[in-house]
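Asker: Structure, please.
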Amino acid sequence: MFGWNDSDICPIGMDVGTHSIRLVQFRQQKAQLTLLAARRVEIDSVPLADSPEKHLTELLRNALETGDFRGRHCVISLPPADIHAKSVRLPQMPENDLAHAIQWEAKDRFGLELADGRLVYFRAGEVRRGTEIKEELLLFAATGDTLRKYMGALAPLRFTIDAIDLAPCAMIRAVHRATPSKQNATTAILDVGHTGAQFLLCVNDQIVFYKHIDIGGKTLNEAVAAKLGISLTEATQIRSRLLLPATADEDGSAVPLQQAVYEAMRPKLEELTRELDMCLRYYVVTFRGARPEQVSVVGRQADCSQLLEIIANGLGIRVEAAPVLRGVSELDDKARPDRSSEWAVAAGLSLYPVSRAKAPVAA
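Answerer: Down below sits the predicted model:
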């Protein structure tokens, strides 16, 4: 067991997703960051238990037993499906009044009680309509039942939960560590997971826009399966093998299978691009913010060259996989440094400043 304040060992970052769980732990000595351990466990790799809590416990136990993790302090994030997110506009008001107003807004917008849950908000910016000025806020909430589920799963493993962080906050931390942004510049981050994508904009580490889009790796696998007339399992395996940039035959034509997969995914990727373009247009028009110069892509699908290409062509800006493990020593094969983008959330969680955090505002 170690104490955070007295050790250079960071807490274990636990990125709990719908398809897999990723654990990362760093050692931070001054400006040098060292990877101690990294482990990914697929959700279906462990037989289903009597309850979701027990299943999660066994998944985490498996990851910990096969990785060189130190201590029992952790920072965890929850899957997007377990986090309720909305944007609201409210008149400008004092902070105390705002906290009460947000509680009422959350109850109305989410349609659920959050008495024993957790609600946080971020100030996105001022919205002007004529002489009227309102403030747009981003609300994120988790119910008490959801929090108890994850805390119950960690209890048998005797973990100390230093924080339950939002995945978007962890992404920003990881991306900005590897690629520092300019002062007041708008940073765009796209996390393409298994069941969907999360798109966020931030300025100086502050989230100013967030949207969840129901297009992810599963969507692309289903599109390939339908187009090629094969099973979903086969489509998933083929896409995994074709994550490298498309090669060409001697006559200059694309390899037939790669081309077929590309064409199968294209409609969904173009749909995703249109969603992203609408998000950027909304941000620029509503807040008069600067359009970002680049979109940093994280998540397991960040290695899909076709995804990066189609989005870049559609948006007209650079779209690149975020090198979130850049500058980290002792990577070896623990975190597949050639696919480092998928570790963004877990890395950001391990870097959570437990003792000096400026946390999101709790309502």
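
Asker: tell me the helices in the stretch 251-363 of the chain, going along the chain?
Answerer: 256-287, 305-315, 344-350 (DSSP state H, counting those that start in this stretch).

Asker: quick check: angle from the second one to helix 256-287?
Answerer: Between the axis of helix 305-315 and that of helix 256-287 there is an angle of 40 degrees, by axes from the mean of the first three to the mean of the last three CA atoms, to 10 degrees.

Asker: Helix 305-315: how far from the chain's middle?
Answerer: 19 Å (CA atoms, centre = their mean, to the nearest Å).

Asker: The last one too?
Answerer: With CA atoms, centre = their mean as the basis, the distance from the averaged C-alpha position of helix 344-350 to the chain average is 9 Å.

Asker: start the count at 40, not 1, going forward
Answerer: Right, with 40 as the first residue, what we last looked at is helix 383-389.

Asker: which helices and strands sit right next to that helix?
Answerer: strand 51-55, strand 59-68, strand 112-116, helix 206-217 (3 or more CB pairs under 8 Å, 6 or more residues apart in numbering; DSSP states H and E). All C-beta atoms are positioned from the backbone trio N, CA, C, and that covers glycine.

Asker: ok, residues contacting it?
Answerer: Helix 383-389 has contacts (CB atoms under 8 Å, 6 or more residues apart in numbering) with 49-54, 61-65, 77, 114-116, 204, 206, 208-214, 216, 230, 337-338, 361, 363-364.

Asker: List the contacts of K93.
Answerer: Neighbours of K93 in contact, by CB under 8 Å, 6+ apart: A192.

Asker: right, and the secondary structure at it would be what?
Answerer: Assigned with DSSP: H, G, I helix; E, B strand; the rest coil, K93 falls in the helix class.

Asker: Next one, pLDDT for it please.
Answerer: Looking at K93, its pLDDT is 89.

Asker: Please look at L346 and V336 and confirm they touch.
Answerer: Yes. The pair L346 / V336 is scored as a contact, 7.4 Å apart, by CB atoms under 8 Å.

Asker: residues shared between the contacts of those two?
Answerer: Common neighbours of L346 and V336 (CB under 8 Å, 6+ apart) are V231.

Asker: so where's the stretch 240-389 of the chain uncertain?
Answerer: Counting by pLDDT under 70, the low-confidence segments of the stretch 240-389 of the chain come to 282-293, 372-378.

Asker: quick one on the thing from earlier: check the helices and strands packed on helix 383-389 for me and report the most buried one.
Answerer: strand 51-55 (a mean of 27; mean count of other CB atoms under 10 Å).

Asker: I'd like the average pLDDT over it.
Answerer: Mean predicted lDDT for strand 51-55 stands at 95.

Asker: Tell me the strands beside it, with direction?
Answerer: strand 59-68 (antiparallel), strand 112-116 (parallel) (DSSP bridges).

Asker: Relative to A102, tell me which of these wins on proximity.
Answerer: Comparison of the strands paired with strand 51-55 against A102 by CB to CB identifies strand 59-68 as nearest, at 5.1 Å.

Asker: got the CA coordinates for that closest one in CSV?
Answerer: Extracted in CSV, the C-alpha atoms of strand 59-68 (Å, rounded to 0.1, in the frame of the first residue of the first chain):
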residue,chain,number,x,y,z
SER,A,59,-13.2,-3.9,-22.5
ILE,A,60,-11.5,-2.6,-19.4
ARG,A,61,-8.1,-0.8,-19.6
LEU,A,62,-5.8,-0.3,-16.6
VAL,A,63,-2.7,1.9,-16.6
GLN,A,64,-0.3,3.0,-13.9
PHE,A,65,2.5,5.5,-14.2
ARG,A,66,5.4,6.5,-12.0
GLN,A,67,6.0,10.3,-12.2
GLN,A,68,9.5,11.6,-11.2
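
Asker: could you point out which element follows it?
Answerer: strand 71-81 (DSSP states H and E).

Asker: Show the secondary-structure elements that that next one is packed against.
Answerer: Using 3+ CB pairs under 8 Å, 6+ apart, strand 71-81 sits against strand 59-68, helix 91-104, strand 367-368.

Asker: separation between the closest residue to R313 other than its chain neighbours and R278?
Answerer: Nearest residue to R313, sequence neighbours excluded (CB to CB, 6 or more residues apart in numbering): G353, at 7.3 Å. Applying CB to CB, to the nearest Å, the value for G353 to R278 is 20 Å.

Asker: Looking at the two, which one has more neighbours?
Answerer: R278 (21 against 16; other CB atoms under 10 Å).
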